[in-house]
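Q: mind looking at a prediction? Sequence and model below.
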Amino acid sequence: MSTQAQAVIGALYGDEGKGLMVDRLAAATPAAVVVRSNGGAQAGHTVVGEAGARHVFHHIGSGSFAGAASHFSRFFVAHPMLLLDELAALDALDVKPDISSDPRASVTTPFDIIINQALELARGAARHGSCGLGFGETVERNLRPEFALSTKDLFRPDLHDRLVSIRDAWVPVRLAALGITALPAELAAALADETTIARFEADCAAYLDRVTLWPDRRLCERGAVIFEAAQGLLLDQDGGGFPHVTRSNTGLSNMLAISAEAGITELNATYATRCYTTRHGAGPLKGEISALPGIKVVDPTNAPNEWQGSLRLAPLDLGVLRDAIAPDLALERGGITVSAGLAVTCLDQADDGFAVTDRGEAMRLDPAIAAARISELVGLPLSAESWGPRRGNVRLCVDVDAARIAAQ
């Protein structure tokens, strides 16, 4: 049983190529299990198979094309309604992932979605950038034990009564606390529809047919662990720019806690960044511009949508990148050894020269040497660089493990 694990972490605002990196690592790691260490169905990690098949992973680990198993940790928020749709999409691609979950993983209900969407709509132009899938509201509800719902609770004989209590007791209290006095018509209809709970119970039963309960403490028995983070460090609930953050820890924190339970003693972390910066959703973006000189942005996943608007762009700011990674590597590790490296993605989208900034000073980089130069300036060894959307376009640096530095 291995006591080492790998990890992929988004270094900025998400959408940095985490799915691509996990796919590449899984292909190079026999008997891998990809562990979702935070977030939930609002993740959107794109993987393009070598034969051209494309999937945006929401629940399932991004190593599935490479045959890796998936595990939902105790910090993951499951969404039975959407998991079934994702499994159907993967089944059409002849991908049938083996899935396990820690019994403590939280579960989103239809009522969390209703509250989430009502709140975001009420904010109008002051939206926080939510995906509207109920993630944050699930976290909020689970702070109240009488309304909490975890994966193990889906087996309870009183599941129906608990869901009725969430609808009839929790929803009014939460809406009142948020200052929402009336729901939009469509959301009000869904809340009042007596079949909403029945449909959700059917989704939960189907969810349990596909997901095996497996505690985090026995994780290493599942395979060689690859942690897959969701979102990015600048959206971390403790270190990001409140209120435009996610309700989870997006870096090493959860991974270290899981590792402590599972007996993992060594963690090799790869921080991923594009060679430019993106943000999908509201909140500050330093250096934001409408178009990036020298870069042709290709991103079919982050299409404009009602909840997060259009993808926003800025040159990569190396000072921001350093400042995002440094606190994550400074976390208390409880005796677990952590080493770190940097992955730079989307280099194929850059022309002969493109700009990055460092503490307000602009510099132009040749794409051929950009990844190495960015890594040098950030102060981490280069783990990988990508020149396209498929794992064959990813170059893992020679002797990556030997070249990694033990982060101090």
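A: Noted; the coordinates are in hand. Numbering: from 1, shown residues only.

Q: the longest helix anywhere in the chain - contacts with which helices or strands?
A: Of all the elements of type helix in the chain, the one with the most residues (DSSP state H) is helix 195-210. Where contact means 3 or more CB pairs under 8 Å, 6 or more residues apart in numbering; DSSP states H and E, helix 195-210 is packed against helix 80-92, helix 110-123, helix 159-165. Yep, even glycine has a C-beta here, placed from its N, CA and C like the rest.

Q: now do that helix against helix 110-123, angle only.
A: Here helix 195-210 runs at an angle of 120 degrees relative to helix 110-123 (axes from the mean of the first three to the mean of the last three CA atoms, to 10 degrees).

Q: on that earlier part again, quick one, which of the helices and strands packed on helix 195-210 is packed in tightest?
A: helix 110-123 (a mean of 22; mean count of other CB atoms under 10 Å).

Q: relative to helix 80-92, how tilted is that one?
A: Counting by the same axes, to 10 degrees, helix 110-123 lies at 100 degrees to helix 80-92.

Q: now helix 110-123 - C-alpha only, CSV.
A: What follows is helix 110-123 as a C-alpha-only set of coordinates in CSV (Å, rounded to 0.1, in the frame of the first residue of the first chain):
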residue,chain,number,x,y,z
PRO,A,110,-33.5,20.4,-4.9
PHE,A,111,-34.3,23.0,-2.2
ASP,A,112,-30.6,24.1,-2.0
ILE,A,113,-30.8,24.8,-5.7
ILE,A,114,-34.0,26.8,-5.3
ILE,A,115,-32.5,29.0,-2.5
ASN,A,116,-29.2,29.4,-4.4
GLN,A,117,-30.9,30.6,-7.6
ALA,A,118,-33.4,32.8,-5.8
LEU,A,119,-30.5,34.5,-3.9
GLU,A,120,-28.4,35.0,-6.9
LEU,A,121,-31.3,36.4,-8.9
ALA,A,122,-32.1,38.8,-6.1
ARG,A,123,-28.6,40.2,-6.1
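
Q: any idea how far that helix is from the chain center?
A: 21 Å (CA atoms, centre = their mean, to the nearest Å).

Q: what helices and strands are in contact with that helix?
A: Under the contact criterion of 3+ CB pairs under 8 Å, 6+ apart, the helices and strands touching helix 110-123 comprise helix 135-141, helix 171-178, helix 185-192, helix 195-210.

Q: recalculate using a threshold of 6 Å.
A: helix 135-141, helix 171-178, helix 185-192 (3 or more CB pairs under 6 Å, 6 or more residues apart in numbering; DSSP states H and E).

Q: for residue 222, give me its contacts.
A: Taking CB atoms under 6 Å, 6 or more residues apart in numbering, we find residue 222 in contact with 33, 71.

Q: ok, now with 10 Å
A: 31-35, 69-71, 98, 100, 212, 214, 262 (CB atoms under 10 Å, 6 or more residues apart in numbering).

Q: just the buried members of those residues?
A: Restricting the contacts of residue 222 to buried positions leaves 32, 33, 34, 35, 69, 70, 71, 98, 100, 214, 262, with burial counted as 16 or more other CB atoms under 10 Å.

Q: among those, name the ones in strands.
A: Where the buried ones among the contacts of residue 222 overlap with strands, as defined by DSSP state E, the overlap consists of 32, 33, 34, 35, 69, 70, 71, 100.

Q: how near is the fifth one to residue 268?
A: Using CB to CB, to the nearest Å, one gets 19 Å for the distance from residue 69 to residue 268.

Q: do the first one as well
A: The spacing between residue 32 and residue 268, counted by CB to CB, is 13 Å.

Q: so what sits against both of the two?
A: A shared contact of residue 32 and residue 268, defined by CB under 10 Å, 6+ apart, is any residue touching both; here these are 6, 25, 226.

Q: what about the second one, how many neighbours?
A: Close neighbours of residue 25, defined as other CB atoms under 10 Å, add up to 29.

Q: residue contacts, it?
A: Shown in contact with residue 25 (CB under 10 Å, 6+ apart): 6-8, 32, 34, 62-63, 66, 68, 224, 226, 228, 268, 270, 343, 383-384, 391, 394, 396.

Q: in ChimeraX, how would I select the buried members of these?
A: Once 16+ other CB under 10 Å is used to decide burial, the buried members of the contacts of residue 25 can be selected in ChimeraX as follows:
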select :6,7,8,32,34,62,63,66,68,224,226,228,268,270,343,383,384,391,394,396
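
Q: next step: the contacts of residue 25 restricted to strands.
A: When those are checked against strands using DSSP E, the ones located there are 6-8, 32, 34, 224, 226, 228, 268, 270, 343, 383-384, 394, 396.

Q: pick out the lowest-pLDDT one from the residues you listed.
A: Minimum pLDDT across these is recorded for residue 396, with 88.

Q: which residue sits closest to that residue, ignoring its sequence neighbours?
A: Nearest residue to residue 396 in three dimensions, chain neighbours excluded: residue 384, at 5.0 Å (CB to CB, 6 or more residues apart in numbering).

Q: same check on residue 104?
A: With CB to CB, 6+ apart as the measure, residue 74 is the residue that lies nearest to residue 104, at 4.0 Å, once sequence neighbours are left out.

Q: again, but for residue 288
A: Skipping the residues right next to it in sequence, residue 288 comes nearest to residue 314 by CB to CB, 6+ apart, at 4.8 Å.

Q: how close does the closest residue to residue 109 other than its chain neighbours sit to residue 172?
A: By the measure of CB to CB, 6+ apart, the closest residue to residue 109 outside its immediate chain neighbours is residue 166, 5.9 Å from it. Between residue 166 and residue 172 the distance is 11 Å, computed by CB to CB.
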